[in-house]
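Engineer: The sequence and its predicted three-dimensional model are supplied below.
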Amino acid sequence: MAGISLTKGETISLEKGGPSLTKVRMGLGWDAAVKKRFFSRRPQAIDLDASALMFDRNKHLVDQVWFRQLASKDGSVQHTGDNRTGFGDGDDESIRVDLARLPAEITTLVFTVNSFTGQDFSQIENAVCRLVDEAAGDRELARYELTGSGTHNAQVMAKLSREPSGWTMTAIGVAASGRTFRELLPAIESHL
């Protein structure tokens, strides 16, 4: 079952229509754009990297999960591993979040994607991020199509925010440039 399809800048409550969320997964999927060469059409390997950045209410970066640090210091956020090709169906990279174990000081999780190797989004198609409820059998809650083919090699995808009424998801979709999440921090700042 497909979740709610978000548009850039749209925010939805994740608490409607069911019990409180406990475990979610942000999945990132993509395909390499097919390059036409003489008489053949072959996809190339595209290495995109998903990251989750954990911020407190004062907008300070508390911790991060990315291909060089696969788990947060407290273990509540875990990266499932680095996919260096984008080949195959489904999510190419995933980040699991145990919302029940997430420290109370963390109010925002920002999810980014970037190409450490510098490949740009003109070489990518069918890119999507989607949030699934792992505690409910991987039921998809929301998805956001990462539009905007271009020469940028990164994008601030989405964020989860802890609100008094529960968790929300916002599709950010801001193109950026940077080989790691650290270079994306200025683009993230205005969305916290």
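Structural biologist: Alright, I've got the coordinates. Nothing here was measured: the structure is a model prediction, and the numbers come from that model. Numbers count the residues shown, from 1 in each chain.

Engineer: ok, now which ones touch the residue most central in space within the chain?
Structural biologist: Centroid-nearest residue in the chain, with Cα atoms, centre = their mean: residue 111, separated by 4.0 Å. The neighbours of residue 111, taking Cβ atoms under 8 Å, 6 or more residues apart in numbering as the test, are 26, 28, 50-53, 95, 129, 156-160. Where you see a C-beta, it was placed from the backbone N, CA and C, and this is true even at glycine.

Engineer: Give the next helix or strand downstream of the helix or strand of the chain with the lowest mean pLDDT.
Structural biologist: When each helix and strand of the chain is scored by mean pLDDT, DSSP states H and E, strand 40-43 comes last, with a mean of 60. Moving toward the C-terminus from strand 40-43, the next helix or strand (DSSP states H and E) is strand 49-56.

Engineer: Could I get the full set of strands for the chain?
Structural biologist: Using DSSP state E, the strands of the chain run over residues 4-6, 11-13, 23-32, 34-37, 40-43, 49-56, 61-65, 77-79, 93-98, 106-114, 124-133, 139-145, 154-163, 166-176.

Engineer: Closest to residue 177 out of the contacts of residue 111?
Structural biologist: Ranked by distance to residue 177 (Cβ to Cβ), those are led by residue 156 at 11.4 Å.

Engineer: Count the neighbours of that closest one for me.
Structural biologist: Residues contacting residue 156 under the criterion other Cβ atoms under 10 Å number 24.

Engineer: wait, isn't it in contact with residue 191?
Structural biologist: Yes. At 6.4 Å, residue 156 counts as touching residue 191 under the criterion of Cβ atoms under 8 Å.

Engineer: follow-up on the earlier one: where does the residue nearest to the centre of the chain sit relative to residue 164, distance-wise?
Structural biologist: 22 Å (Cβ to Cβ, to the nearest Å).

Engineer: Okay, now the unreliable bits of the chain?
Structural biologist: 1-2, 16-19, 35-43, 82-91, 147-148 (pLDDT under 70).

Engineer: can we see that at 80?
Structural biologist: Counting by pLDDT under 80, the chain contains low-confidence ranges at 1-3, 15-20, 31-47, 81-92, 147-149.

Engineer: And stretch 98-116, end to end?
Structural biologist: Criterion Cα to Cα, to the nearest Å; first-to-last residue distance in stretch 98-116 is 27 Å.

Engineer: Show me how far it is from its chain's centre.
Structural biologist: With Cα atoms, centre = their mean, to the nearest Å as the basis, stretch 98-116 stands 10 Å off its chain's centre.
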